[in-house]
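Chemist: turn this into a model:
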Amino acid sequence: MKALLFVKDTPIALETSRDVKGVLESLGVQTEVFVNIREAKQKPSVEGFGLMVVVGGDGTFLAGARLASRHGVPLLGINQGRFGFLTEVEKGEVEELIENILKGSIKAQRRMMLSAILLRDSEETYIGDYLNDVVVSKESLARMVELDVWVEGESVLRVYGDGVIVSSPTGSTAYALSAGGPIIYPLSEAILFVPICPHTLSNRPLVLPPDFKLRLTNLSDDHMAYLTLDGQEGMSLRRGDEVVVKRSDHYCLMYPNPKRSFFGILREKLRWG
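Modeler: So this is what the prediction gives:
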């Protein structure tokens, strides 16, 4: 097997990656290293790799997932960040988990992703596939944005407020949770819609079937609304722009930590119980 180490550009993550590289190579895994610098324009090709090991936080994992999902490469996340919803593995557990992955005793989970498309001046542009969420929100100087929300070709509501979040089940514990959305078990398939601080308090979150398509029409003036993708990519929207969100054809494949459960992570991270 050939593995790619996808590493956050911090001293602790770089130090951990050197140890992980040693573990992989001791197990006979040919390993290459890529340091994920946010400003870097060139990203690695993951074609031909059998595993991506992410060393960093959930943000680094999201960046890795966008690359790996296109080629069906599974990910293993080693937590060197703050939250650890996606990077479930601690440094001391790495060798045992990789050994079990190589033996086939740990199976990769399939996580649903979202595909985003921009419609502008009658032209359709595919933007990308995202593991967490697609967000349309106000730019820094805007007081409020105005959006028309369509689901499966039917007008559902007009939102006045700070914006809207369209989230996958995996992303339900991210921005959508902070905005008052429900937590969806990450192996479920559904699309979550959450208004952000809506002016009309009756605008509530919606959980929709995974095959539904949402269309968000920007009715605000140019440069009043901003499109953000997984919290890491984005662009300013013009008046009349439409953002279409649907289930992606690609899935994020990720190895879970068998010593931790999703509910255990919730208890730990959200301090339940």
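
Chemist: run through who's touching the helix or strand bottoming out on mean pLDDT in the chain.
Modeler: Of all regular secondary-structure elements in the chain, judged by mean pLDDT, DSSP states H and E, the least confident is helix 262-269 with a mean of 91. In this structure, residues lying in contact with helix 262-269 by CB atoms under 8 Å, 6 or more residues apart in numbering are 83, 84, 85, 88, 173, 183, 185, 186, 272, 273. Bear in mind the C-beta positions are built from the backbone N, C-alpha and C, glycine included.

Chemist: so which bits of it are buried?
Modeler: Neighbour-count burial for helix 262-269, counted by 16 or more other CB atoms under 10 Å, picks out residue 265.

Chemist: kindly confirm my reading that residue 244 forms part of a strand.
Modeler: Yes. Applying DSSP: H, G, I helix; E, B strand; the rest coil, one finds residue 244 inside a strand.

Chemist: dig out what it forms beta bridges with.
Modeler: Legend: beta-bridge partners of residue 244 under DSSP bridges are residue 117, residue 215.

Chemist: was I right about it contacting residue 120?
Modeler: No. The pair formed by residue 244 and residue 120 falls short of the contact definition of CB atoms under 8 Å, at 11.4 Å.

Chemist: in terms of neighbours, single out the busier of the two.
Modeler: Applying other CB atoms under 10 Å to residue 244 and residue 120 shows that residue 244 carries more neighbours, namely 19 against 14.

Chemist: next one: that one from residue 115, what distance?
Modeler: Using CB to CB, to the nearest Å, one obtains 8 Å as the distance from residue 244 to residue 115.

Chemist: next one: residue 101
Modeler: Applying CB to CB, one obtains 28 Å for the distance of residue 101 from residue 115.

Chemist: again, but for residue 228
Modeler: According to CB to CB, residue 228 and residue 115 sit 16 Å apart.

Chemist: is residue 12 located within a strand, as I assumed?
Modeler: No. Counting by three-state DSSP, one finds residue 12 to be helix, located in no strand.

Chemist: what sits closest to it if chain neighbours are left out?
Modeler: If you skip the residues right next to it in sequence, residue 12 has residue 80 as its closest partner in space, 5.5 Å away by CB to CB, 6 or more residues apart in numbering.

Chemist: how many neighbouring residues does that neighbour have?
Modeler: Taking other CB under 10 Å as the criterion, the count of residues near residue 80 is 24.

Chemist: list the contacts of it.
Modeler: For residue 80, the residues meeting the contact criterion (CB under 8 Å, 6+ apart) are 8, 10, 12, 13, 16, 55, 56, 57, 87, 91.

Chemist: for the second one, which residues are in contact?
Modeler: The neighbourhood of residue 10, defined by CB under 8 Å, 6+ apart, consists of 56, 80.

Chemist: next: the first one.
Modeler: With contact set as CB under 8 Å, 6+ apart, residue 8 has these partners: 35, 36, 55, 56, 57, 59, 60, 80, 81.

Chemist: where does the last one land on pLDDT?
Modeler: What it means is residue 81. Per-residue confidence for residue 81 comes out at a pLDDT of 74.

Chemist: what of the third one?
Modeler: pLDDT, residue 55: 97.

Chemist: CA atoms only for the least confident helix or strand of the chain, dumped as PDB, please.
Modeler: Once non-C-alpha atoms are left out, helix 262-269 reads as follows in PDB (Å, rounded to 0.1, in the frame of the first residue of the first chain):
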ATOM      1  CA  PHE A 262     -20.100   9.000  18.000                       C
ATOM      2  CA  PHE A 263     -22.100   9.400  21.200                       C
ATOM      3  CA  GLY A 264     -18.900   9.200  23.300                       C
ATOM      4  CA  ILE A 265     -17.500  12.000  21.200                       C
ATOM      5  CA  LEU A 266     -20.600  14.100  21.800                       C
ATOM      6  CA  ARG A 267     -20.400  13.500  25.500                       C
ATOM      7  CA  GLU A 268     -16.800  14.500  25.600                       C
ATOM      8  CA  LYS A 269     -16.900  17.500  23.200                       C
END
